[in-house]
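*Asks:* model this:
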Amino acid sequence: MKKILSTLLLMTWASISMAASTSPEGVWKTIDDETGDEKSIVTVWIENGELMGRIDTLLNPSEPNPTCDDCKGKRKGQPIEGMTFVWGLTQDGDEWKGGTILDPGNGKEYKAKLKVIDNGTKLEVRGFIGFALIGRTQVWERAK
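*Replies:* The predicted structure follows:
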């Protein structure tokens with residue numbers, strides 16, 4: 001009986017661990033798709049069924065405390081650190097889509113879709129205009 005209980009507990013723990021690692025929620029290190037440079041540390045979370053993302057720390061910013069001067073609306077002139085830059089994505093199978101991602105470097109907003117890959121260690125982030133075929137993809141790494 002002890003052996004069966006131990007096996008069940010181990011299987012439950014393994015299932016919980018796997019589910020947690022395949023969630024997009026957590027802290028991620030963004031990687032520039034053109035240079036390969038580490039750009040920022042971001043937090044991704046789910047709020048009322050909507051996937052959101054916030055820039056926590058910029059790595060090696062070109063100036064101290066940069067603001068999003070090219071942004072529109074409420075984000076214009078706001079500090080980039082602490083800014084919500086991903087919003088409105090909803091889950092569709094193993095992807096999150098239908099939302100928006102902001103590039104605070106140029107203030108442009110793009111349609112977005114995200115997918116957890118490599119057993120939860122990476123997050124594939126695609127920003128695009130119009131169709132998903134025309135856009136850019138970054139692969140972020142889960143922060144340790």
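*Asks:* what number of residues lie near Lys144?
*Replies:* 5 (other C-beta atoms under 10 Å). Placement of C-beta: from N, CA and C, glycine included.
*Asks:* try Cys71
*Replies:* Cys71 has 21 nearby residues by other C-beta under 10 Å.
*Asks:* for the residue nearest the centre of the chain, give the beta-bridge partners.
*Replies:* Nearest residue to the geometric centre of the chain (C-alpha atoms, centre = their mean): Val44, 5.1 Å. Beta-bridge partners of Val44, counted by DSSP bridges, are Gly26, Gly53.
*Asks:* do you have the strands of this protein handy? List them.
*Replies:* Along the chain, counting by DSSP state E, strands occupy 26-31, 38-47, 50-58, 84-92, 95-103, 108-117, 122-128, 135-142.
*Asks:* check contacts around the residue nearest to the centre of the chain.
*Replies:* For Val44, the contact set (C-beta atoms under 8 Å, 6 or more residues apart in numbering) comprises Pro24, Glu25, Gly26, Val27, Trp28, Leu51, Met52, Gly53, Val86, Leu123.
*Asks:* what's the ChimeraX line that selects buried ones from the residues you listed?
*Replies:* A single ChimeraX command selects the buried members of the contacts of Val44 (16 or more other C-beta atoms under 10 Å):
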select :24,26,28,51,52,53,86,123
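*Asks:* would you reformat the contacts of Val44 as CSV and include distance to Val116 and pLDDT?
*Replies:* As requested, these are arranged in CSV below (distance: C-beta to C-beta, whole Å; pLDDT from 0 to 100):
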residue, distance to Val116, pLDDT
Pro24, 5, 97
Glu25, 10, 98
Gly26, 10, 98
Val27, 14, 98
Trp28, 10, 98
Leu51, 11, 98
Met52, 16, 98
Gly53, 13, 98
Val86, 14, 98
Leu123, 6, 98
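*Asks:* for this protein, give me the ranges with low pLDDT.
*Replies:* 1-21 (pLDDT under 70).
*Asks:* identify the residue spatially nearest to Asp70, adjacent ones excluded.
*Replies:* If the residues on either side of it in the chain are set aside, Asp70 comes closest to Gly107, at 3.0 Å by C-beta to C-beta, 6 or more residues apart in numbering.
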